[in-house]
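Chemist: prediction below, plus the sequence it came from.
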Amino acid sequence: LPELRAALTRLVGGPRPLTRHLEVETYTWQALPPGLRPRDRDGLADGIAAELALARDLLIDLGLKEQP
């Protein structure tokens, strides 16, 4: 998490962001060890929702706001 926060700070923090486009990769679930993979569709959906919420919260911490 510290590495992700540092990367986001560098890319979009401060008065002049280096980019205005970010993507959250959610297809990497299959790279997890079998014991950590979601067991069903609901678990997968919950995991993806948690990833997106984490990304949103990190960006809000950097002062970014939703565009209307």
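Modeler: The structure has been received and is ready for your questions.

Chemist: only C-alpha atoms for contact and neighbour calcs from this point on.
Modeler: Fine.

Chemist: tell me who's in contact with the residue most central in space within the chain.
Modeler: What sits nearest the mean C-alpha location of the chain, by Cα atoms, centre = their mean, is Ala55, with 3.2 Å. The neighbours of Ala55, taking Cα atoms under 8 Å, 6 or more residues apart in numbering as the test, are Val24.

Chemist: which strand or helix spans it?
Modeler: If you go by DSSP states H and E, Ala55 is part of helix 41-61.

Chemist: check which residues of that helix are buried.
Modeler: By neighbour count on 16 or more other Cα atoms under 10 Å, the buried set for helix 41-61 is Gly47, Ile48, Leu52, Ala55, Leu58, Leu59.

Chemist: now, which of those sits nearest Arg16?
Modeler: Taking Cα to Cα as the measure, Leu59 is the one of these closest to Arg16, at 14.7 Å.

Chemist: the closest residue in space to the closest one that isn't next to it in sequence - how many residues pack around it?
Modeler: Nearest residue to Leu59, sequence neighbours excluded (Cα to Cα, 6 or more residues apart in numbering): Leu8, at 7.5 Å. Leu8 has 19 neighbours, counted by other Cα atoms under 10 Å.

Chemist: and for Tyr27?
Modeler: Tyr27 has 8 nearby residues by other Cα under 10 Å.

Chemist: quick check on it: phi, psi?
Modeler: phi -90, psi 0 (degrees, to the nearest 10).

Chemist: over to Leu64?
Modeler: Main-chain torsions, Leu64, degrees, to the nearest 10: phi -80, psi 150.

Chemist: for it, give its distance to Pro38.
Modeler: Using Cα to Cα, to the nearest Å, we find Leu64 at a distance of 31 Å from Pro38.

Chemist: do the same with Pro2
Modeler: Pro2 is 25 Å from Pro38, where distance means Cα to Cα.
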